[in-house]
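K.L.:
build me a model from this:
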Amino acid sequence: MSFSIPRNEEEKMNSITTPALPNSSLPISKLEQALSPQYLTNSYKLYWFLGLLDIIKDFPDEKSLIIDFEDVISRMIASSWYTILEFKLNFGATDQLENCVRAVISNTSLNKNSTTAEIINTLSVIDNSDIKTRIWNLKKYVPYRFLTTFITGLTGIKDAEKNKLITENSRNNPDVPYLITDDEKLIIDTSWLEYFYINRVILEGWARMKLTAFLQNRNPNVPAIHLKLEVPVQRNLTSARNYWKSYLDANPESDIFTNQILKPDELSIDHFIPWSFVLHDRIWNLVPTTREINSSKNNRLPPWERFFPLFSDIQYRSYKWHTKHSSNKKVLEDYLLIVSEGIDKNIPAKSFRNILEECLQPAYRIASNQGFGLWEV
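P.N.:
Residues are numbered from 1 along each chain as shown. So this is what the prediction gives:
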């Protein structure tokens, strides 16, 4: 089962252009170029741009806006926080934003579920040398490199000289989105500020599609990348809980992880392959368990050889029972995604297990490679 974006779809995402204002003097094509794949070796420019838009949205009436580098860097860290720590997406071997996020969580009281406000507030008073060094490295490059497509004459210039040239050019070139000051601030003037503010919702969507394509390229076969760019909305497992409760009311079963008898009124629904990897609640990846076990397992992978056969067996029994006894056949619709022949109440157990294994084992392997740890039962 492949989760990668088809090549033609990825090309469509990368070819979407930015919106144009009546003010034709703004070089919008240069902004498109700044976030085009050939200029994106790392995630920085995308998160930097999103960070700028996040700040700009709170200043609707300004004629110009002065922003501290660190304010944008803090939003970059906060924006990528959940994507890195919960969804475990790979940003690439040379991307320092991921390392910065991991340094922050290792050296502060923050956790993977910390809010954007908590992260930004913590960073505003941070006094850890490792974190400060990593933030300094981002400040040293990102604000300047974002402007490179707006400036000519940088080819062949050593890195040590580029920042100076970019800074000087930003102050004398009306085309650049912002000018850079000597005290690590940027100033966005009227035309660009108006453009960013009026079009911010469209620009955010455009940048997020670029970010989706960027991360999909570095995480082939990982599902639902576009949904892993921020903290997800609250999930609802009511239908799954009803599915398993109706089955267990008529068919007492033991928990596959502990062998304890399951009580239908005290169920917890577990994702066999963690939800934070698959990002869906399909019945064929769910199993009833206890609250204690679900909490203990968290977003880790159960040992495959030990538990997949037990998982497949209870899946099969519940599937067979619902095909025969459920008056609402809609509860079985999830299986249509993996059983190409359609719902078959006479399917043999071995055939059912093979179908389930073909669907889940590749995802299990990829999740393991992404860093989802093994649950030590």
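
K.L.:
what is the burial count for the residue nearest to Glu184 when sequence neighbours are not counted?
P.N.:
Spatial nearest neighbour of Glu184, chain neighbours left out: Phe69 (4.4 Å); criterion: Cβ to Cβ, 6 or more residues apart in numbering. The way it works is simple: take the backbone N, C-alpha and C, and place the C-beta from them, glycine included. Using other Cβ atoms under 10 Å, Phe69 has 22 other residues around it.

K.L.:
ok, Phe69 to Glu333 distance?
P.N.:
51 Å (Cβ to Cβ, to the nearest Å).

K.L.:
what residues go with each domain of this protein?
P.N.:
With domains defined by automatic domain parsing, the chain comprises 7-228, 238-370.

K.L.:
quick one: the strands in this protein?
P.N.:
65-68, 179-180, 185-188, 268-271, 286-289 (DSSP state E).

K.L.:
isn't Phe150 right up against Val176?
P.N.:
Yes - if you go by Cβ atoms under 8 Å, Phe150 and Val176 touch, sitting 4.7 Å apart.

K.L.:
quick revisit: for the residue nearest to Glu184, give me the pLDDT.
P.N.:
Note for Phe69: predicted pLDDT of 97.

K.L.:
which ones are touching Asn172?
P.N.:
Going by Cβ atoms under 8 Å, 6 or more residues apart in numbering, Asn172 touches no other residue.

K.L.:
same check on Gln33?
P.N.:
The contact partners of Gln33, by Cβ under 8 Å, 6+ apart, come to Tyr39, Thr149.

K.L.:
just give the number of residues close to Ile285.
P.N.:
Just so we're on the same page, residue 285 is Asn rather than Ile. Residues lying near Asn285 (other Cβ under 10 Å) number 24.

K.L.:
before we move on, what about the one 10 residues further on?
P.N.:
Using other Cβ under 10 Å, Ser295 is surrounded by 11 other residues.

K.L.:
nearest residue to it other than its sequence neighbours?
P.N.:
Nearest to Ser295 is Ser268, by Cβ to Cβ, 6+ apart, at 8.0 Å.

K.L.:
so that neighbour sits right up against Thr289, yeah?
P.N.:
Yes - using Cβ under 8 Å, Ser268 is in contact with Thr289, at 5.5 Å.

K.L.:
between these two, who's got more neighbours?
P.N.:
Neighbours of Ser268 and Thr289, each counted by other Cβ under 10 Å, are more numerous for Thr289; the result is 23 against 18.

K.L.:
picking up where we left off before, between the strands of the chain, which gets nearest to Ile135?
P.N.:
Ile135 sits nearest to strand 65-68 of all those, at 11.7 Å, using Cβ to Cβ.

K.L.:
okay, now the sheet partners of the closest one, with direction.
P.N.:
strand 185-188 (antiparallel) (DSSP bridges).

K.L.:
buried stuff in the strand it pairs with?
P.N.:
For strand 185-188, the neighbour count (16 or more other Cβ atoms under 10 Å) marks Lys185, Leu186, Ile188 as buried.

K.L.:
and the first one, what does it touch?
P.N.:
In this structure, Lys185 makes contact with Ile66, Ile67, Asp68, Phe69, judged by Cβ under 8 Å, 6+ apart.

K.L.:
what's the closest non-adjacent residue to the second one?
P.N.:
So the one you mean is Ile67. Leu186 (5.3 Å).

K.L.:
return the distance of that neighbour relative to Leu46.
P.N.:
For Leu186, the distance to Leu46 - Cβ to Cβ - is 17 Å.

K.L.:
ok, Asp159 next?
P.N.:
Distance of Asp159 to Leu46, given as Cβ to Cβ: 21 Å.

K.L.:
neighbour count winner among these two?
P.N.:
For the pair Asp159 and Leu46, the greater number of neighbours falls to Leu46 (26 against 10), based on other Cβ under 10 Å.

K.L.:
now the residue nearest to the spatial centre of the chain. Nearest residue, chain neighbours left out?
P.N.:
Computing the C-alpha centroid of the chain and ranking residues by Cα atoms, centre = their mean puts Lys228 first, at 2.4 Å. Nearest residue to Lys228, sequence neighbours excluded (Cβ to Cβ, 6+ apart): Phe87, at 4.1 Å.

K.L.:
now do the same contact list for Ala367.
P.N.:
Ile273, Pro274, Phe277, Val278, Leu301.

K.L.:
repeat that for Val222.
P.N.:
Listed by Cβ under 8 Å, 6+ apart, the contact partners of Val222 are Phe3, Leu89, Gln216, Phe277, Ile366, Gln370.

K.L.:
from Asp159, how far off is it?
P.N.:
As judged by Cβ to Cβ, Val222 and Asp159 stand 32 Å apart.

K.L.:
rewinding a little: tell me which two in the contacts of Val222 are the farthest apart.
P.N.:
Taking Cβ to Cβ, no two of those sit farther apart than Gln216 and Phe277, at 14.5 Å.

K.L.:
which one's more surrounded, those two?
P.N.:
A count of neighbours by other Cβ under 10 Å puts Phe277 above the other of Gln216 and Phe277, at 26 against 20.

K.L.:
just name the shakiest helix or strand of this protein by mean pLDDT.
P.N.:
helix 7-15 (a mean of 49; mean pLDDT, DSSP states H and E).

K.L.:
now do stretch 58-72: distance to the chain's middle.
P.N.:
26 Å (Cα atoms, centre = their mean, to the nearest Å).
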